[in-house]
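Asks: let's see this in three dimensions:
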Amino acid sequence: MPEWTGSPCRNVFATLIRTIISQNTSDVNTARAFEKISKKFRMTPEAFSKASLEEIEECLKPAGLYRNKSRMIKRLSNIILEKFDGKLEKVLALPTEEARKTLLMLPGIGRKTADILLLFCAKKPVVPVDTHVNRVSRRLGLAPAQGSYEEVRLALQSLYDAEDYLAVHVLLILLGRKYCKARKPLCGSCPLNDVCPRVNVEDE
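Replies: Take a look at the predicted model:
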């Protein structure tokens, strides 16, 4: 996911692939790589398990670290087939913390990726913390300035009702993209500049 925007999860495996592609990659390049790979392959573990590494790499060239990501996608596809009969839905149906622990045991799935799958594909009560959510929540004082991923996630979850987690995640991303940019934030036009403790913050 590129940094995820709130699109409905129609295919759990496709959501996983897109999130992996998005790691350390711009939104634009993520979209390009995902478009190429989704045109080349069916979005199933079976399709990627049978694909050659070279074919996957060719699709992911617009994205950063495409060789590592291609190997990870291939490996994950095989594991999902072997352990879960090709269906991550079985994992997502587990209680939230059990599902999260199971996802985090898989190679290539970190906290953000796991939480995106849980929130968007299973409607579990978690707030994924991507680069925008992390930056904006710190600047607004919603999370510890030097907090870890878990500290930021739990801080946000403590402030809002579970039914609002999706909206919180998406709105923080949109604010970060349009106004609260990492470099040259547009504090003057930001709709929250009257409540933000870090108006006119220097680049970070």
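Asks: how about the helices of this structure, start to end?
Replies: 12-22, 27-40, 45-50, 53-60, 66-84, 89-92, 96-104, 111-116, 122, 131-139, 149-159, 165-178 (DSSP state H).
Asks: what is the fourth one packed up against?
Replies: Contacts defined by 3 or more C-beta pairs under 8 Å, 6 or more residues apart in numbering; DSSP states H and E place helix 53-60 against helix 27-40, helix 66-84. To be clear about C-beta, it is placed using only N, CA and C from the backbone, and glycine gets the same treatment.
Asks: now it - C-alpha only, PDB.
Replies: C-alpha atoms of helix 53-60 as PDB (Å, rounded to 0.1, in the frame of the first residue of the first chain):
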ATOM      1  CA  LEU A  53      11.800 -14.800  -9.800                       C
ATOM      2  CA  GLU A  54      12.900 -12.900 -13.000                       C
ATOM      3  CA  GLU A  55       9.300 -12.300 -14.000                       C
ATOM      4  CA  ILE A  56       8.400 -10.900 -10.600                       C
ATOM      5  CA  GLU A  57      11.500  -8.700 -10.600                       C
ATOM      6  CA  GLU A  58      10.800  -7.300 -14.000                       C
ATOM      7  CA  CYS A  59       7.400  -6.100 -12.700                       C
ATOM      8  CA  LEU A  60       8.800  -4.600  -9.500                       C
END
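Asks: buried residues in it?
Replies: By neighbour count on 16 or more other C-beta atoms under 10 Å, the buried set for helix 53-60 is 55-57, 59-60.
Asks: same question, the last one
Replies: Judged by neighbour count (16+ other C-beta under 10 Å), helix 165-178 contains these buried residues: 165-166, 168-170, 172-173, 175-176.
Asks: can I get those residues in a markdown table including distance to Ser158?
Replies: Output for the buried residues of helix 165-178, formatted as a markdown table (distance: C-beta to C-beta, whole Å):
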| residue | distance to Ser158 |
| --- | --- |
| Tyr165 | 11 |
| Leu166 | 17 |
| Val168 | 12 |
| His169 | 15 |
| Val170 | 19 |
| Leu172 | 15 |
| Ile173 | 20 |
| Leu175 | 20 |
| Gly176 | 20 |
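Asks: now, which of the residues you listed sits nearest Thr96?
Replies: Set against Thr96, the nearest of the buried residues of helix 165-178 by C-beta to C-beta is Tyr165 (11.4 Å).
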